[in-house]
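Peer 1: structural data only, the sequence is not supplied:
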DNA sequence: TATTGCGCAATGCTTCTGCAATGTTGAAGG
DNA sequence: CCTTCAACATTGCAGAAGCATTGCGCAATA
C-alpha cells in the first residue's frame, strides 16, 4: 500500500510515517502543497493523508486539482479545525473522509483501511481472438483460461498481430513493433519468431492462425 | 439515489427520511435487523444508513452478512457509542464510515455524498489461496490456521501477488508495490525477496507456488 | 547489544534470441 | 507445363540476457 502523507509539522509527520510503516505501508512524505502536487502527479498512491494547514496554503485546494487530472485516489483529510461546516466543505471538495486532530492512531488506521478496501484489479484492455485472450495491461496470454507463457519477442509479435486481427500487418511495422529502435536486425529473426509463435499457438490449440503474405507481411486469422 | 435507512427510533427515522427526501433521495426504512436483511437482499441501494442499537441485535452484524453475499453497498454507521475502539470495530467489520450521535445533519449529508462518490468497494478483507489466508486488515498470514510471520517486504510481495492470484503481475508493478519510490533500488532486491518468500511458503507447505515469467513478472498459483 | 531485515553482488543455471544453414513455397517467364 | 528465383519457413546452435539462490555487511529495531 502506497500512501502520500502531506504534513508540514515534522514531528507528527515522522511519527505517522513510522507508525504507518509498521503496518506495511510505503509512505512518501511531502511537507508543502507544492511538493504534494508534484508527488501526486508523478506517482500512483493508494491513498493520500492530507493536512489542511500547510505553509503555502490550504491543503484542501489540492483535492480538486488532482481530481481534475482524473486522479481518483482516496483522500483522508487531517485537520485541527473540526466544526461541522468545515467537515462539510472538505467532503464536498472531493475528500473521501475527514478526521479531526487530535485523533487516535487506531481510528486513523481504521479509516484508512476502510478507504483502501477497494478493488485492486484495475480493469485493463483485453483483446480476444479465437480461443485466446491477451491482457494488454498485464501482458498475459490465456487460451481458454489457461495461461500461455511466451517469451518477450514472441509476445510482441502476437500483440502487434492481435491489434489488427484479420487484417494485414506490414512486415516493416511488425519489425518496428518487435525490435523497435534496437539495433538493426539484419537476419530473418522476425521469421524465426513468427515460426516459433505459430508452433506454440498450434500446440495450445488457440484457434488462430498466422498467415504469411509474400512481399507484404503477416496477418492473424481466427479459424473454426 | 436509493438509501436504506435502518433505525428503530421512530422519531429520528422519520426526521431523517424527510430530510433526505428533500435532497431527492429515495429512502426505504427498516426498523429491525430482520427487516433490514430482507430489504438489503431484495433491493439495490446506493448506500445504507445503519444504526447499531436495534431491537433484535447489533446493527453491525448486518455488514458481514451482506458483504458475504457479494453486496458492496457503502454502509454508514450511526451510533450513540463513540469511543475509538468502537469506531475501529465498525470500520473493520466492513462499514465504510462511522458517525457518532448526536450529529449535525449537514455532516451526515456530506459523508453520504462522499460515500456515494466512491467507486464501489468490494474487496473482502481476507484473501485465500491454497492453504493460506491473508487478512488484509490485520496484515496477518495464516497457513491452515497457523500464523506465518513474514518480514515487511516479503509481505508486500505476497500481498501484491495474492491480489491477483493465478494471474500475471508485471515486474514493474511489483516493484512499485514493494518499494514505492522510497529509494532507487538498482539491484535484484525484488528477486531476492521473491526467493526468500518462496522458501518460506514451501517450508510452511502453503500449497501455493510463485512462478517467474521471463521478461514479464511473476504469478502466484495454487498447487494441488 | 543482539537480532532481524534488507540491499547488494557473485555464482550457477535456464531460457531466449539472433543467426545461418537448409528446406519449402509460389509467382513469373519461357 | 516447367524452370527459376526470391521470399518465406523451420531448425540447431552459441552467445547473451534474465532469473534464482546464497552469503555478506550495514542499518534499523527491540
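Peer 2: That came through fine. Everything numeric in this text was worked out from a predicted model, so none of it was measured. Numbering: from 1, shown residues only, chains lettered A, B, ... in the order given.
Peer 1: phi and psi next, for residue A:50.
Peer 2: phi -130, psi 120 (degrees, to the nearest 10).
Peer 1: list the contacts for it?
Peer 2: A:6, A:36, A:59, A:60, A:62, A:63, A:75, A:76, A:77, A:78, A:95 (C-beta atoms under 8 Å, 6 or more residues apart in numbering or on different chains). C-beta here means a position set from N, CA and C on the backbone, and glycine is covered the same way.
Peer 1: helices along chain A, start to end?
Peer 2: A:10-22, A:33-42, A:62-68, A:84-92, A:105-116, A:152-162, A:171-179, A:189-203 (DSSP state H).
Peer 1: related to what we said a few turns ago, the contacts of residue A:50 also near chain B: which ones?
Peer 2: residue A:95 (C-beta under 8 Å from any C-beta of the partner chain).
Peer 1: what angle sits between the least confident helix or strand in chain A by mean pLDDT and helix B:105-117?
Peer 2: In chain A, the helix or strand scored least confidently by mean pLDDT, DSSP states H and E is helix A:84-92, which has a mean of 71. Helix A:84-92 and helix B:105-117 are oriented at 10 degrees to each other (axes from the mean of the first three to the mean of the last three C-alpha atoms, to 10 degrees).
Peer 1: get me the contact residues on chain A for DNA strand D.
Peer 2: A:18, A:21-22, A:171, A:188, A:191-192, A:194-196, A:198-199, A:212-218 (C-beta under 7 Å from any atom of the strand).
Peer 1: going through those, which ones are buried?
Peer 2: A:171, A:194, A:198, A:217, A:218 (16 or more other C-beta atoms under 10 Å in any protein chain shown).
Peer 1: who touches the residue lying closest to the first one once chain neighbours are set aside in this structure?
Peer 2: Think residue A:171. Closest residue to residue A:171 apart from its sequence neighbours, by C-beta to C-beta, 6 or more residues apart in numbering or on different chains: residue A:217 at 4.1 Å. Residues in contact with residue A:217, defined by C-beta under 8 Å, 6+ apart, are A:168, A:169, A:170, A:171, A:172, A:173, A:174.
Peer 1: quick check, the residue in chain A closest to DNA strand D?
Peer 2: At 2.6 Å from DNA strand D, residue A:212 is the closest residue in chain A, using C-beta to the nearest atom of the strand.
Peer 1: wouldn't that residue be in contact with residue A:218 here?
Peer 2: Yes. Using C-beta atoms under 8 Å, residue A:212 is in contact with residue A:218, at 5.5 Å.
Peer 1: now stretch A:153-161: buried residues?
Peer 2: A:153, A:154, A:155, A:156, A:157, A:158, A:159, A:160, A:161.
Peer 1: list the contacts for the fifth one?
Peer 2: Translated: residue A:157. Shown in contact with residue A:157 (C-beta under 8 Å, 6+ apart): A:174, A:177, A:178, A:190, A:193, A:194, A:197.
Peer 1: next one: residue A:31
Peer 2: A:6, A:7, A:8, A:10, A:13, A:54, A:55.
Peer 1: switch the cut-off to 6 Å
Peer 2: residue A:8 (C-beta atoms under 6 Å, 6 or more residues apart in numbering or on different chains).
Peer 1: for residue A:200, see how far away it is.
Peer 2: 53 Å (C-beta to C-beta, to the nearest Å).
Peer 1: same thing with residue A:150?
Peer 2: 7 Å.
Peer 1: neighbour-wise, which of the two wins?
Peer 2: residue A:150 (26 against 18; other C-beta atoms under 10 Å in any protein chain shown).
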